[in-house]
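1. Give me coordinates for this.
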Amino acid sequence: MEALKLWFIETFTDLKDTFILCFIDDDRWKWLVEGFGKSIIITLGAIAIGLVCGIALAAIRSSYDKNEESLKLRGGFGYRALKFCNGIAKLYITVIRGIPVVVQLMIWYFVILVAQDNDTLIAVVAFGFNSAAYVAEIFRGGIMSIDNGQFEAGRSLGFNYIQTMIHIVIPQTVKATLPTLLNEVIALLKETSVAGYVAITDLTKAGDLIRGRTFEAFMPLAAVAIIYLFTVVVLTKVFSIIERRLRRNER
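-> Have a look, this model is predicted:
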């Protein structure tokens, strides 16, 4: 019994000393706070770009898929223009989904925006345009699942095709795809952990810096993992609340 008590005391003392070394000494806990803040900024900025560009891509792709036959019969500039835009959208989605996100990040950092000195902005752009390809496919699936009667209802109200998409189809698509969008936001948050490849001090990089300074791996990396897990739990809760409210509004 005495030996067990002594073991607990020694273990607690070691953990306390390690905690102080990793987080208290030199205010290293601030690295995690600053890194987490940068990860959140990158995630929010990227999802904003991803939503705007993704919805535009999805609208082009679904419009072509839904109206290809009727437009083909009519021919003319409208059909050729939509077909061209659809081809560009398909190419963009294929390329972005086929290249690892860390490679895309390095291309943006070392090639496209090499003259830009705002690392966070580069990361937002890189992750945003990467996310757009996945959001586009999420929304395209949602739009394709909307009954054609909704488009006819929009026309009966005097809306043109674009107005019908904006006021009727896309709001319904958002409700239908909300759980999948949550997965994309969570995936995007975790993908930002590779930002350290281009010397951006995000949350993961901050934990690795503490590990490099203290030569203690478990505690800083465990702290990073716990912060990510807690953030995902909060995001899931927020999206659940939004989903419940949207369902309540439908009633």
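2. Report all helices and strands that the helix ranked longest in the chain contacts.
-> Longest helix in the chain by number of residues (criterion: DSSP state H): helix 29-74. When contacts are defined as 3 or more C-beta pairs under 8 Å, 6 or more residues apart in numbering; DSSP states H and E, helix 29-74 sits against helix 76-98, helix 119-145, helix 170-191, helix 203-214, helix 218-250. (Each C-beta comes from the backbone N, C-alpha and C, glycine too.)
3. repeat that with 6 Å
-> helix 76-98, helix 119-145, helix 170-191, helix 203-214 (3 or more C-beta pairs under 6 Å, 6 or more residues apart in numbering; DSSP states H and E).
4. Out of those helices, which gets nearest to D26?
-> Smallest distance to D26 across the helices and strands packed on helix 29-74 (C-beta to C-beta): 7.9 Å, for helix 203-214.
5. Give the buried residues for stretch 78-91.
-> Buried positions in stretch 78-91, judged by neighbour count with 16 or more other C-beta atoms under 10 Å: Y79, L82, C85, N86, A89.
6. Quick check: closest non-adjacent residue to V169.
-> The shortest distance from V169 to any non-neighbouring residue, by C-beta to C-beta, 6 or more residues apart in numbering, is to I146 (5.4 Å).
7. correct me, but the one you found touches P171?
-> No: between I146 and P171 there is no contact under C-beta atoms under 6 Å: 10.4 Å.
8. quick one: which of those two has more around it?
-> Neighbours around I146 and P171, counted as other C-beta atoms under 10 Å, are more numerous at I146. The numbers are 18 against 12.
9. Give me the pLDDT value at that one.
-> pLDDT for I146: 80.
10. Repeat that for K5.
-> 71.
11. Quick check: buried residues in stretch 188-195?
-> L188, L189, E191, T192, S193, V194, A195.
12. Please disregard the earlier target; I meant stretch 178-187.
-> Neighbour-count burial for stretch 178-187 [16+ other C-beta under 10 Å]: L178, L181, L182, E184, V185, I186.
13. now that stretch: mean pLDDT?
-> 88.
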